[in-house]
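[1] just need the structure, nothing else, for what follows:
(one chain, ligands or ions: 3)
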Amino acid sequence: MKNREIAGMFSRIGDALEFKGEMPFKVLAYRKAARVLEDLTEDIEDIWKEGRLTSVPGVGSGIAKKIDEYLKTGKMRKYREAMQGIPDGFLDLLNIQGMGPKTLRLAFDRLGVRSMEDLKRVVEDGSLASLPGMGQKKVDNIRKGLNVFSAEEKRISIGLALEIADEIIAWMKKGDVNRIMAAGSLRRMKETIGDIDILCTAPDGKAIVEHFTNFLGRERILAKGDTKGSIIIKEGYQVDLRVVPDNCFGAALQYFTGSKAHNVKLRTIAREKGLKISEYGVFKGETKIAGKEEEDVYSALGLPWIPPEMREDRGEIELMEMPELVDYSAIKGDLHVHSIYSDGRNSIKEIALRAKAMGYEYIAITDHSKSARYAGGLDEDRLKRQAEEIAKVQEEVGVRILRGSEVDILRDGRLDFDDRVLEDLDIVVAAIHTSSNQDMTDAMVKACSNPHVDIIAHPTGRLISRRQGYPLDISRLIECAASTKTALEINCYYDRLDLSDVNARMARDAGVKISLGSDAHNLGMMNSMRLGVGVARRAWLTPPDVLNTFSLDRLEKWLNERV
Ligand code: DGT
Ligand code: CA
Ligand code: CA
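    Ligands and ions are numbered 1, 2, ... in the order given. The predicted structure follows:
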């Protein structure tokens with residue numbers, strides 16, 4: 001599928017035009033096209049072949065022409081034009097918190113900034129702060145943004161990495177392969193992935209590595225041998241393949257799943273027992289006592305099998321008994337979804353049908369509240385009309401649809417709807433949507449103390465690739481959530497995953513219930529529930545910790561015990 005590739009080009013054209021001071025409506029047209037392509041579940045190439053490009057909402061004749069040109073020739077003239085005079089990778093600087101197009105332009109023109117290194121330099125030597133309209137506060141904000149950005153640079157979001165790994169594994173299965181699995185941080189479901197590690201067994205190592213390096217999305221081959229291959233894919237990320245003997249698969253899987261810290265601890269335990277552990281197996285002297293299956297490797301060390309998501313040396317090895325972690329199959333519903341009433345793309349009926357197809361018992365429609373104007377927030381009247389439609393669709397489709405709202409927490413902690421309005425809803429998800437440097441703890445605690453609020457959504461406000469989140473004393477919020485029996489969300493959107501694993505575990509330890517919300521704005525995004533489950537498992541959560549595992553009855557009781 002070229003959807004992602006073309007979306008990326010349009011989005012960069014948008015950035016380039018904005019940087020060059022083009023009219024906003026032109027910039028917007030490209031950004032919109034990029035978003036449409038990203039959200040599209042159908043292959044754009046199929047649509048193109050069938051001559052249906054202009055029937056895609058948001059694709060006008062101008063955009064259609066450019067897609068056509070690209071799919072025909074592999075080139076797009078407009079892209080080349082837009083990029084003229086802009087150094088490679090320069091526009092990535094726009095992803096840094098605090099760096100808008102105006103600041104970037106100014107830094108480019110007046111300080112000769114051409115790269116990340118240049119930007120770091122002018123932040124540190126004070127020259128950026130001396131530019132008109134800048135000042136120390138703005139520069140401090142950019143400095144923070146630079147730190148977040150450098151740490152995450154070149155790491156892949158788990159959402160994208162899972163998609164890529166699925167594609168590659170599907171490709172590998174077309175070759176002569178026996179067992180195959182993803183290992184590394186991907187198998188541990190870390191929120192970002194440095195490189196993708198894949199492990200397989202095969203009758204002919206050389207042949208399967210050859211097949212691997214012929215992957216259609218390959219850009220470049222880094223290494224190619226009998227037991228190992230390494231490629232860079234078109235998106236710029238590295239994928240490693242290792243081919244191992246059948247009787248070592250379990251040991252290799254254990255070794256290459258990591259984490260390094262977990263493995264180091266295992267090696268110590270092995271040594272204490274007079275054993276040796278490696279990617280080939282567990283050995284007593286020269287005798288191999290385990291290696292084919294991962295379970296055997298752990299049991300040879302006297303340990304139960306440890307779920308990959310827990311393997312971070314955060315106490316999992318010392319546990320006497322493994323917790324029964326929450327599993328995707330236990331999820332009975334999604335508690336945070338947007339419809340066309342606010343900024344979602346799909347009707348309530350479409351969402352309900354998808355929920356049903358996913359095997360859910362219930363779903364919460366939580367559109368934005370009125371002050372979220374940028375997102376088409378609902379006022380009281382439209383909320384009422386929405387309730388009528390929900391009742392009708394619920395009847396038709398046969399899925400329980402909770403009438404909800406993602407109500408804005410205002411800066412002073414008041415909520416965007418009166419208590420009377422909130423009281424009437426089945427479920428209330430409260431969230432902050434302003435990004436500012438103001439400490440939000442008081443506002444959050446106040447909102448959390450409102451008995452109508454059931455869940456606090458994306459509590460820290462961080463965006464993994466570019467924003468640290470507002471200043472917040474998370475322990476105080478957790479304390480308040482525990483005492484008011486308010487749930488905290490793990491937002492499943494790949495760039496949020498907020499609460500993080502560490503924060504979610506802290507909340508659970510304080511007795512707080514966790515809610516999983518896809519925050520879907522289209523049907524495809526409802527699948528991100530899997531990412532949220534990954535974070536929940538990394539936080540050691542069990543089914544009773546997670547609202548979404550509750551049966552409808554129990555969930556409604558929980559909601560009613562509140563207000
Ligand atoms: P990443 O790719 O940065 O997201 O993180 P990982 O955990 O996938 O790390 P990676 O790709 O460098 O290596 C995959 C696994 O292989 C790692 O989790 C543990 C194992 N491993 C790699 N190098 C070493 C090492 O030097 N010592 C030990 N004990 N294990 C290693
Ligand atoms: Ca890796
Ligand atoms: Ca690797």
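
[2] from here on, just use CA atoms for contacts and neighbour counts.
    Will do.

[3] give me the average confidence score over whatever helix or strand His262 lives in.
    Assigned by DSSP states H and E, His262 belongs to helix 260-272. Average pLDDT, helix 260-272: 97.

[4] could you identify the helix or strand that succeeds it?
    Sequence-wise, the next helix or strand downstream of helix 260-272 (DSSP H and E) is strand 276-278.

[5] name the residues that touch that next one?
    Ala251, Ala252, Tyr255, Leu266, Arg267, Ala270, Val282, Phe283, Lys284, Gly285 (Cα atoms under 8 Å, 6 or more residues apart in numbering).

[6] residues contacting Thr366?
    Leu335, His336, Val337, His338, Ser339, Arg403, Gly404, Ser405, Glu406, Val428, Val429.

[7] then Gln136?
    Listed by Cα under 8 Å, 6+ apart, the contact set of Gln136 reads Ala129.

[8] what's the pLDDT at Glu152?
    In this prediction, Glu152 has a pLDDT value of 60.

[9] checking the most centrally placed residue in the chain next. Helix, strand or coil?
    Geometric centre of the chain, nearest residue: Tyr494, 1.0 Å, by Cα atoms, centre = their mean. Of the three states, Tyr494 takes coil under DSSP: H, G, I helix; E, B strand; the rest coil.

[10] so the nearest residue to it once chain neighbours are set aside: helix, strand or coil?
    In this structure, Tyr494 finds its nearest non-sequential neighbour in Gly159, 5.5 Å apart by Cα to Cα, 6 or more residues apart in numbering. Of the three states, Gly159 takes helix under three-state DSSP.

[11] could you report the distance from Gly159 to ligand 2?
    Relative to ligand 2, Gly159 is positioned 15 Å away (Cα to the ion, to the nearest Å).

[12] before we move on, what about Arg400?
    For Arg400, the distance to ligand 2 - Cα to the ion - is 41 Å.

[13] just Thr103 next, same as before
    Counting by Cα to the ion, the gap from Thr103 to ligand 2 is 35 Å.

[14] residues touching stretch 464-471, excluding its own?
    95-97, 144-145, 148-149, 152-153, 435-441, 460-463, 495-497.

[15] the residue nearest to the centre of the chain contacts Met529, correct?
    No - distance between Tyr494 and Met529: 9.8 Å, which falls outside the contact criterion (Cα atoms under 8 Å).

[16] end to end on stretch 413-421, go ahead and measure it.
    17 Å (Cα to Cα, to the nearest Å).

[17] give me the contacts around it.
    Here stretch 413-421 has contacts from 369-371, 380, 407-410, 430, 442-447, 452, using Cα under 8 Å, 6+ apart.

[18] also stretch 449-459?
    With Cα under 8 Å, 6+ apart as the test, stretch 449-459 has contacts from 419, 422-423, 427-432, 447-448, 480-481, 484, 486-491, 496-499, 515, 559, 562-563.

[19] C-alpha coordinates for it, CSV please?
    Backbone C-alpha positions of stretch 449-459 (Å, rounded to 0.1, in the frame of the first residue of the first chain) are rendered in CSV as follows:
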residue,chain,number,x,y,z
SER,A,449,-13.4,15.4,42.5
ASN,A,450,-16.6,16.2,40.5
PRO,A,451,-18.8,13.1,41.2
HIS,A,452,-20.2,13.2,37.7
VAL,A,453,-16.7,12.6,36.2
ASP,A,454,-16.1,8.9,35.6
ILE,A,455,-12.8,8.9,33.8
ILE,A,456,-10.0,11.3,33.3
ALA,A,457,-8.7,10.9,29.7
HIS,A,458,-5.1,11.1,28.6
PRO,A,459,-4.2,12.4,32.1
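
[20] filter the contacts of stretch 413-421 down to the buried ones.
    For the contacts of stretch 413-421, a neighbour count by 16 or more other Cα atoms under 10 Å gives the buried set as 369-371, 407-410, 430, 442-447, 452.

[21] sort out which of these are in strands and list them.
    Counted as lying in strands by DSSP state E, out of these, are Val407, Asp408, Ala430.

[22] quick one: is stretch 156-164 near ligand 1?
    No - Stretch 156-164 is not in contact with ligand 1 by Cα under 6 Å from any ligand atom; minimum separation 8.4 Å.
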